[in-house]
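Participant: when you get a sec, could you give me coordinates for this:
(one chain, ligands or ions: 1)
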Amino acid sequence: QNQIADTNVQSDKKILVVYFSCTGTTEKAADAIAKTVGGKLYRITPATAYTSADLDWNNKSSRSSIEMTTENSRPELGGEALELKDYDVVFLGYPIWWNLCPRPVNTFLEKYDFSGKTVIPFATSGGSSITNSVKQLKKLYPKITWGEGQLLNGSVKQAGEWAKGVI
Ligand SMILES: Cc1cc2nc3c(=O)[nH]c(=O)nc-3n(C[C@H](O)[C@H](O)[C@H](O)COP(=O)(O)O)c2cc1C
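Facilitator: Next up, the predicted model:
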C-alpha cells in the first residue's frame with residue numbers, strides 16, 4: 001500500500017515547462033516535453049518582440065548584441081502573469097545566445113520566486129553546449145535548486161524521452 005502511495009506522489013508532481021524562443025526551435029522541444037510529461041507550457045514573452053534585425057549577432061549594434069554584451073540588461077517582459085506556486089518542477093528552455101541564456105530569461109528568473117522548486121534547464125543552439133549558460137545561471141541564482149541541464153538539438157522525440165527520464 002505504501003509503495004503505491006509513494007509511486008503516486010512521484011507521478012503527481014506538478015510540472016511547468018517555461019521557454020523562451022524567437023525562431024521556434026526551442027518551442028518545439030518545449031512542446032514535446034510538455035506533451036510527454038504532462039506539463040503546462042508557459043512562454044516567456046518580451047514586452048517588445050525581437051525582429052530578425054534584433055537577432056543579427058553579426059551586427060554589434062543589434063538589440064541582441066547590445067543586450068548580451070551588457071551584463072545587467074534585463075529586457076522588460078509582457079505576456080500573462082504566471083502562478084508559480086502550483087508547480088514543483090520547472091523545465092526552463094532557451095536558445096543559446098552568445099554562449100549564455102538570452103537576457104529575458106534572466107528577467108523572468110528575477111521576477112518570480114523559485115524557492116522550493118527544482119529548475120531543469122534545456123537549450124537549443126547552433127552547436128554550442130549548454131554548459132556555460134548553466135554555470136552562469138547557477139552563479140547568479142544560487143537559491144534555486146538546479147537540475148542537470150540538457151542540450152536538445154536532436155529530435156523532438158529525444159526531447160520528450162529525456163524529460164521523461166529526469167522526472
Ligand atoms: C542573438 C543570437 C545569438 C546566438 N548565439 C549562439 C551561440 O553563442 N552559440 C550557438 O551555438 N548558437 C547561437 N545562436 C543560435 C541559436 O542558439 C539557435 O539557432 C537556437 O536553436 C534558436 O532557438 P529559437 O528558434 O528557439 O529561438 C544564436 C542565435 C541568436 C539569435
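Participant: quick check: phi and psi on residue 121?
Facilitator: Backbone geometry at residue 121, expressed as degrees, to the nearest 10, gives phi -80, psi 150.
Participant: and the closest residue to it other than its chain neighbours, how far is that from residue 85?
Facilitator: Among residues not flanking residue 121 along the chain, residue 149 sits closest, at 3.9 Å (CB to CB, 6 or more residues apart in numbering). All C-beta spots, glycine's among them, are computed from the backbone N, C-alpha and C. Relative to residue 85, residue 149 is positioned 24 Å away (CB to CB, to the nearest Å).
Participant: higher neighbour count, those two?
Facilitator: Ranked by neighbour count (other CB atoms under 10 Å), residue 149 and residue 85 place residue 149 first, with 20 against 10.
Participant: the more buried one against residue 135, yeah?
Facilitator: No - here residue 149 does not reach residue 135: they are 9.3 Å apart, not a contact under CB atoms under 8 Å.
Participant: near the ligand, which residues of the protein are found?
Facilitator: For the chain, the residues in contact with the ligand (CB under 6 Å from any ligand atom) are 21-27, 55, 57, 64, 95-99, 124-128.
Participant: in strands only, show me those.
Facilitator: Mapping those onto strands (DSSP state E) picks out 95, 124.
Participant: so of the residues of the chain next to the ligand, which ones are in helices?
Facilitator: Assigned to helices by DSSP state H, the following of those qualify: 25, 26, 27, 64.
Participant: identify the farthest-apart pair in the residues you listed.
Facilitator: Distance extremes for these: the farthest pair is 27 and 64 at 17.4 Å, using CB to CB.
Participant: the more surrounded of the two?
Facilitator: Counting neighbours by other CB under 10 Å for residue 27 and for residue 64 shows that residue 64 has the greater number, 21 against 18.
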